[in-house]
Each structure stands twice: as structure tokens, then as C-alpha cells.
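Asks: Structure here, sequence nowhere to be found:
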Ligand SMILES: N[C@@H](CCC(=O)N[C@@H](CS)C(=O)NCC(=O)O)C(=O)O
């Protein structure tokens, strides 16, 4: 078995890094420097023409999009480790939340992040860069409102539950990566107490604690 993991620190690849840590899978990590054009090199674009991380190559097959990667790794390695549901309605529920994390929650977060002053990245360095003249108070407010609306959906889903599918699964691993990022963007979790408590339970997972200790 060969598994190569293309990543960049402090990027969406952190979600996949957490999934790999939970699954305790050996992989060959390859770090790419986003600002320095690492994701634009022809050899990487041949693997992922979108020029984005995370990307994995499993036994010669390239898989990109963090949601697809989590679902794929869950299906292949997670079922026997009780970290991903077997095929059936529970599997559907897992897929629903993983896709929602990217399409709704992270979409709102990305729009919010694009409205903020970046880290000095230029248009050439990041396709997500929004030049100041394209930013507006209205767009920032909309992104903030959409982020909070999504967090409230998550909060309601977590009411009376320890984890999204009751027992801890890779759905939580995936989701906490994006919610943690929203926290780093300065999102106030005051109105979503179930999310705050769940984040704490996720952070107490040994694999995630070890990963965080490694990164700090
Ligand atoms: N929808 C993609 C988003 C991945 C993405 O946007 N990755 C960014 C880092 S957070 C990236 O690789 N950017 C490379 C670049 O800007 O050159 C996913 O979920 O995997």
C-alpha cells in the first residue's frame, strides 16, 4: 500500500491530517509551500490540476477535495476501526455532514476570510485573494451572517449528543477542522454552546491532542 499526502501547514489539508492521525495510517507526507508557488509547480498540477491541498495519491490514484478524501479514507480504512459507518443510512448521514461542512460552513468561512485583510498574499500567490476594491461591508456582513447561520444548524444537531452521529466518527474529525478554523478567524461561539462543548470533546481525542502538541 502506498499513500502520499500533499499538504501545507495551516491550510485545508489540516482536516485531512487530522483524519489520517485518527486512522493511524502510515503515509508519505509531502509539504508544499503555498505562497512560494509550491502548489503551482507542473509536477503537482499533473496530480491535482486545481493546484490545491489536501491531495492524496493512494496506490497510484490521485484524490483531491477534502470532503472526498475524508469519505474515501473513512470507507477504505475507517469502518473496521469504528470511525466511519458501514454502507447504509448512517453512512448517508456521515456523507451529508462532510459535504455540508465544505459546501455550506466552509463556503461561508471562505467568503468571510476573503473579506479580511489577508496575510499579504498577492493574487498570483493565492486564487482566493480578494483585492481591497472587491471587498465590501455588505459582503462581509453576509459572510458573517451565513457563518453564524451554519454554526446554529450545527449547534442544533449537537443538542443532547456527544458527537454528530452519537459516537465519535471521522465526521467529527472533519467538521472540527473547519470549526476550529472559524475560531481562528475570530468567530464568536457565544451563541452556539453545544458547538463549544463538542469542540472540547473533539480536542480531547488522543490523536488530535498529539497532533496539536506537534504543531505548537
Ligand atoms: N475545496 C478544497 C479547497 C482546498 C483549498 O482551497 N486549499 C488551499 C489551501 S487552504 C490551497 O491549496 N491553495 C493553494 C493555492 O492557493 O495555491 C478542499 O476542500 O480540499
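Replies: All right, it came through fine. These numbers were taken from a predicted model, which means no experiment stands behind them.
Asks: Contacts only, for residue 72.
Replies: Residue 72 makes contact with 56, 58, 63 under the criterion CB atoms under 8 Å, 6 or more residues apart in numbering. For every residue, glycine as well, the C-beta is placed using N, CA and C.
Asks: Include neighbour count and secondary structure when you put those into CSV, please.
Replies: Formatted as CSV, the contacts of residue 72 follow (neighbours: other CB atoms under 10 Å; DSSP: H, G, I helix; E, B strand; the rest coil):
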residue, neighbour count, secondary structure
56, 27, strand
58, 19, strand
63, 17, strand
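Asks: Assign residue 141 to helix, strand or coil.
Replies: Here residue 141 is helix, with the state taken from DSSP: H, G, I helix; E, B strand; the rest coil.
Asks: Tell me the spacing between it and the ligand.
Replies: 23 Å (CB to the nearest ligand atom, to the nearest Å).
Asks: how many neighbours does that residue have?
Replies: A total of 12 residues lie near residue 141 under the criterion other CB atoms under 10 Å.
Asks: residues near residue 19, how many?
Replies: Residue 19 has 28 nearby residues by other CB under 10 Å.
Asks: actually residue 209, not the one I wrote
Replies: 12.
Asks: what do you get for the one 5 residues further on?
Replies: Per other CB under 10 Å, the neighbour tally for residue 214 reads 9.
Asks: average model confidence for the one helix or strand it maps to?
Replies: Assigned by DSSP states H and E, residue 214 belongs to helix 206-215. For helix 206-215, the mean per-residue pLDDT is 93.
Asks: in it, what counts as buried?
Replies: Using 16 or more other CB atoms under 10 Å as the burial criterion, the residues of helix 206-215 that qualify are 207-208, 211.
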